[in-house]
Every structure is written in C-alpha cells, then in structure tokens.
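Just a sequence and a predicted model for now, questions to come.
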Amino acid sequence: MARAVSRNTRIGWTIAAWFVALLIFFPILYAIITSFKTEQEAIAGFDLIPSFTLESYREVQSQFNYFRPFMNSVVIALGSTVLALIVAVPAAWAMAFSPTKRTKDILMWMLSTKMMPAVAVLVPIYLIFLKTGLMDTRIGLVLVLMLMNLPIVVWMLYTYFREIPGEILEAARMDGATLGQEIVHVLTPMAVPGIASTLLLNVILAWNESFWTIQLTTTNAAPLSAFIASFSSPQGLFWAKLSAASVMAIAPILIMGWFSQKQLVRGLTFGAVK
Amino acid sequence: MATRQTQSLAKLMRAPAIILLLIWMIVPLGMTLYYSFLNYNLLNPASTSWAGFFNYKYFYTDPAFWESIWNTLVLVLGVLLITVVGGILIAILIDKPIFGQGIVRILVISPFFVMPPVAALIWKNMIMHPSYGVFADIAKFFGMQPVDWFAQYPLFSIILIVAWQWLPFATLILLTALQSLDGEQMEAAEMDGAPALQRFIYLTLPHMARAITVVVLIQTIFLLGVYAEILVTTNGGPGNASTNLTYLIYRAARLNFDIGGAAAGGIIAVVLANIVAFFLMRAVGKNLD
C-alpha cells in the first residue's frame, strides 16, 4: 500500500476491478432497473434505461398484498434472533468468564449441531408441526429459526465476550461491586457492540433462510422467501412485478449487509478468520 | 476468582442454551432414525409397519439415489472450484491500490445478501431465459442461436447461480486473509527480483491456505443443502438431471409422502455431512487454543 504506484498502473487496476465488480453486481442492478419498467418493456430485450414507472411496486402490493409477507419476514427474523440472544447471552457470558474444563467441548458440540443437514430432520419437524398446529404460524418458524441459529449466536457472542479483559471484572469486584452492579456498569457497556453485531448477522441469516420457510408455511405465515418462491412460474408474476417484489425483499438486508462485512467474516467462520 | 457461587451461577446461565440444543438435536434425529425403519406413507398411515432395512436398501438400489449423489458431488465441487479460484483472483484485484475500493467491495459482496429464491428467479428469468434473458440477447447480437440453459444444461445452470451467491463469501474471507499478509516480506521478495507468479505461489498462497480451508469446509456444509435454487428453477429435472440429495429427500417426503424413505435418506445425508463436519471441526478447534 505504502509503495509508490504509478498513476497508470493504478488506473489500470481500477478499471479491471470496477469491471469485475459491476459484472458481479449486474443481476441485482438489472432487477432494480427492470422493476422500474412496464411489463412490455421488461420483455422487450436488453435495455438499461427504464421508463421509471412505479406501477409494478403498486401492483405487487394491490394484487398480492405484499405487506403481509414483508411483516412476516420482519417478525420472524427479528423474533427468532431476539429469542436466540435471550438464551445465548447468558450462556456465552458464562463460558467466556467462568470457563470450565468442558467449555471448549461444549462449544464444539454446539457447532456440530449446526452441521446437521436441515433435510435430515424435515420429516419429524414437518410431522410435529402438522400435529401441534404450528404449521403455517409465525411462532413455529420463530422457534425453528431460533434453534437453527442458536449455535452461531452463542459462538459469535463467545468470541466477542472473550475479548473483554477479565482484569476489569476483578477490579470491579475488588472495589466491592455486586454482581448486579458488575453486569450493569462494567460488562454491559463493553458487551453491547458484540451483541449488536451478532444481532445484525443473525437477522440477515434468518431473513434469507429459504428451506424451513418454504416447508413450514403456506399463506398466513409465509415470509418473503416463501412468498417469492411461490412465483417460480413466469405466469404467476410478470417480470417487472417479480423484480419489484424482489427489490423490496432484498433491499433492507442488502443495506444491513453492507454495514456488517467484518461481522460476517467473523460470524460465519466461527472466529477462525478475523 | 471463580468461587463456588459464581460457578453454580455460570452453570445456570449455560443450561438453557445447552438443554435447548440437546433437545433440538436428539429428538428430531431420533425420530428420523425411528421412521427410517418403518413402512410409513402419509397417504396410507393405517398400514404402517416395521420395515427393517428396506428403506435403506430401496434408496441404495434406486438409480435416482446414485444420480442425486453424483449431482450433489458435481454441484458442491463445481461451486467450490468457481468460488475459490474466482475468490482468490478477485480478492487480489480488490487488494490492489484502486480508486473507490469501498464501493467495489460493496458491489462484490452484494449477491451474498440476496435470498436464494430471489437470486434464482432473477437468473432464471432475466439472465438465462431462452427468449428474453440477457444471455439470449447477447447470443442474438452475435447472430447465434440462444441456449435454453435450464433444459439443456440444468445442473450447470444451478452451479452458476449458486456460485454467484457464494463468490462474495469466498472473496470476502480471502480478502480478509490477504490484508493480513506481511507487506515487508512481499517487498523484500520483490526487491530480490521474484516474479509476480512466484511471489503468489510461495508467499500469498501459503498465507491464505488456512482461509481457503475454512472457505471450502464452510461452503461445503451449506452447499450440501442447496434447495430453493433447484425448487424455483428446474424442480430437479429434466428427469433427475438436477436433483441433489436434499431435493430427492424433499421430494420423497413432501411429494410422495414416503416418510420412511425420506427418513432413510435423511440419515444418509447426516452421515455425509458428518464426514465434512469432522474436518471442519478440526480446523476450527485448532483456533480455539
């Protein structure tokens, strides 16, 4: 970085990098452009300049009641993440600050539950949902996605908490802080950034989850992933409308994702790459 | 520091997460194992009976099973090849002193945040559609016959879509590893006149080895479970040409209502995933110390 690079070399690399980046981004860009086209324009051949109509966005709402799957996604993604945090924060805390000989084994075991292929438990979960009336309910999906992401949440929190220096705790104790004071005044402020990062990554994962959402919902509780998947035949939704629905489905998470690049690496590699 | 009191408090704090995960792991897996030994069809649940190893035998002798194993293998290896090689090249490119590096990064990682059904439908309709897709427009521009991708090359089409989704992940992790590379070492090698290719082979690649391993293993776990991309594009067809193991099991359970058969397939999937997991756990475990 510090080396002097000739201006021409730099411009050359810049052009190459931007070309590749735009190529990779192109499908998303093209969906955004198509969402502002009319249906006739959408299938009229390659064209990067739409007529900037908002018709498709209106239609998606009026024809398909888009707001419902959108709210389902919000409730399911946030609900499962918050629930997972409620269970995971104390656990990760205990493992980071009062480790025992078995802590490492417990962590590895938790990680191993994440390796279980979802399809392996499709049959029992599906039957349980049918028999208990959880099928096509938000609460059912909240529970499943919470359990599915719990290992990642515990792991991420653990790697963040472990970076909080233990000496601070000891100092607080020496000064006579009670456990309650210790948690409120010392640990919480230091733990909040880690908890926030964990929340962000897990909302993204839960929002994009597309196996259980499709298996366990039909209409009432279907979040965006299941809603969009139901339009897999081109007759169901025309392309401009499909694009509008898609753009609205990915926009919030895309923007959150841009802000969570570092947490992404950390969370998805279980701290193996930082 | 750890008094008996804080130790028991810690136990109490750990317990809910451990108990929940224990239930989540043991109960459904136990049920899957049990069902895998039953003749159990949801269309005719009254005639449920003990099947012994019949379901496993049935899977084992079904040509669709072996086709799905082969497709799973091709899908996983194909995506890994594209994402790891592409990821290394793009990471190196982004790491160069370029203008607007932040925006380039954002553009490159974006596909990772696109949910699978949306990614697959954008590719299916707007990029690879035989009459209206961008690929068809390009082919027509050069006076060639447009290709019907999902009919002629179904598995390749799915590999392309899934690789597009995972390329950002590989790039981001390899870039993170690349940026921790010692710049002085690189400069010394450059001053000694080592050509770019040699610097790459002897310095960059070994430095990235660990990150590459992690990318391969983590992606494999997720790639074994590719589902929505197949559902919204080819439905596993034509025939079984793009059916992977996950999709085969889904079809047995949800479309054929064959609970016993799907459960046996699920157990086979667990065994496969565990082989991969074994290596991943070793790689991650080393980092814990």
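Thanks, I have it. Because the structure is predicted, anything quoted here is derived from the model rather than measured. Numbering: from 1, shown residues only, chains lettered A, B, ... in the order given.

got a list of what A:Leu179 touches?
B:Thr6, B:Leu9 (C-beta atoms under 8 Å, 6 or more residues apart in numbering or on different chains). Every C-beta, even on glycine, is put in place using the N, C-alpha and C of the backbone.

what helices or strands is the longest helix along chain A leaning on?
Ranked by residue count under DSSP state H, the longest helix found in chain A is helix A:67-97. Contacts defined by 3 or more C-beta pairs under 8 Å, 6 or more residues apart in numbering or on different chains; DSSP states H and E place helix A:67-97 against helix A:103-114, helix A:138-161, helix A:188-208, helix A:224-229, helix A:239-258, helix B:4-35.

Show me what counts as buried in it.
Within helix A:67-97, the residues that count as buried by 16 or more other C-beta atoms under 10 Å in any protein chain shown are A:69-70, A:72-73, A:75-81, A:83-85, A:87-97.

model confidence over it, on average?
For helix A:67-97, mean pLDDT rounds to 93.

That one to helix B:4-35, inter-axis angle?
Helix A:67-97 and helix B:4-35 meet at an angle of 130 degrees, taking axes from the mean of the first three to the mean of the last three C-alpha atoms, to 10 degrees as the criterion.

Relative to A:Trp18, which of the helices and strands packed on helix A:67-97 is closest?
helix A:239-258 (17.2 Å; C-beta to C-beta).

one step back: would you format the helices and strands packed on helix A:67-97 as a markdown table with mean pLDDT and distance to B:Gly236 included?
Shown next, in a markdown table, are these (pLDDT from 0 to 100; distance: least, C-beta to C-beta, whole Å):
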| stretch | mean pLDDT | distance to B:Gly236 |
| --- | --- | --- |
| helix A:103-114 | 85 | 26 |
| helix A:138-161 | 92 | 24 |
| helix A:188-208 | 88 | 22 |
| helix A:224-229 | 92 | 14 |
| helix A:239-258 | 90 | 22 |
| helix B:4-35 | 88 | 21 |
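
which of those helices sits most buried?
Stretch with highest mean neighbour count among the helices and strands packed on helix A:67-97: helix A:224-229 (a mean of 26; mean count of other C-beta atoms under 10 Å in any protein chain shown).

counting contacts, what elements does it pack onto?
Looks like helix A:224-229 contacts helix A:67-97, helix A:188-208, helix A:212-215, helix A:239-258, helix B:116-121, helix B:228-233 (3+ C-beta pairs under 8 Å, 6+ apart).

switch the cut-off to 7 Å
helix A:67-97, helix A:212-215, helix A:239-258, helix B:116-121, helix B:228-233 (3 or more C-beta pairs under 7 Å, 6 or more residues apart in numbering or on different chains; DSSP states H and E).

Tell me which of the ones you listed lies nearest to B:Phe200.
Distance to B:Phe200, taken as C-beta to C-beta, is lowest for helix A:239-258 among the helices and strands packed on helix A:224-229, at 29.4 Å.

how close does the spatially most central residue of chain B get to chain A?
Centroid check for chain B by C-alpha atoms, centre = their mean gives B:Leu223 as the closest residue, at 1.8 Å. Note on B:Leu223: its distance to chain A, by C-beta to the nearest C-beta, to the nearest Å, is 11 Å.

Need the pLDDT of B:His129.
B:His129 is given a pLDDT of 88.

Just give me the neighbour total for the residue lying closest to it once chain neighbours are set aside.
Nearest residue to B:His129 in three dimensions, chain neighbours excluded: B:Ala136, at 6.4 Å (C-beta to C-beta, 6 or more residues apart in numbering or on different chains). Neighbourhood size, B:Ala136 [other C-beta atoms under 10 Å in any protein chain shown]: 22.

Surely B:Ala136 touches B:Pro130?
Yes. With the criterion set as C-beta atoms under 7 Å, B:Ala136 and B:Pro130 qualify as a contacting pair; they are 5.8 Å apart.

Quick check: neighbours shared by the two?
B:Pro146 (C-beta atoms under 7 Å, 6 or more residues apart in numbering or on different chains).

quick revisit: mind checking how far the residue nearest to the centre of chain B is from B:Leu75?
Here B:Leu223 is placed at a distance of 7 Å from B:Leu75 (C-beta to C-beta, to the nearest Å).

repeat for B:Thr6
Distance from B:Thr6 to B:Leu75, by C-beta to C-beta: 49 Å.

A:Pro189 now?
Taking C-beta to C-beta, one finds A:Pro189 at 46 Å from B:Leu75.

mind listing the helices in the stretch 51-200 of chain B by residue range?
Counting by DSSP state H, counting those that start in this stretch, the stretch 51-200 of chain B has helices at residues B:54-61, B:63-95, B:101-109, B:116-121, B:134-141, B:149-152, B:154-179, B:183-191, B:196-199.

So which of these is the most surrounded?
helix B:116-121 (a mean of 27).

from what I can see B:Lys140 touches B:Gly133, true?
No. Counting by C-beta under 7 Å, no contact exists between B:Lys140 and B:Gly133, whose distance comes to 10.5 Å.

Could you list the low-pLDDT ranges of chain B?
B:1-3, B:283-289 (pLDDT under 70).

make it 80
Counting by pLDDT under 80, chain B shows low-confidence ranges at B:1-7, B:44-49, B:51, B:181-183, B:237, B:276-277, B:279-289.

Run through the residues of the stretch 151-289 of chain B sitting next to chain A.
B:167, B:172-173, B:176-177, B:183, B:187, B:211, B:214, B:218, B:221, B:224-225, B:227-228, B:231-232, B:246, B:249-250, B:253, B:259, B:262-263, B:266-267, B:269-270, B:273-274, B:277, B:281, B:283-285, B:287-288 (C-beta under 7 Å from any C-beta of the partner chain).

Buried subset of the residues you listed as a ChimeraX selection?
Filtering those down to the buried ones (16+ other C-beta under 10 Å) takes a single ChimeraX command:
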select /B:167,172,173,176,177,211,214,218,221,224,225,227,228,231,232,246,249,250,253,259,262,263,266,267,269,270,273,277,281,283,284,285
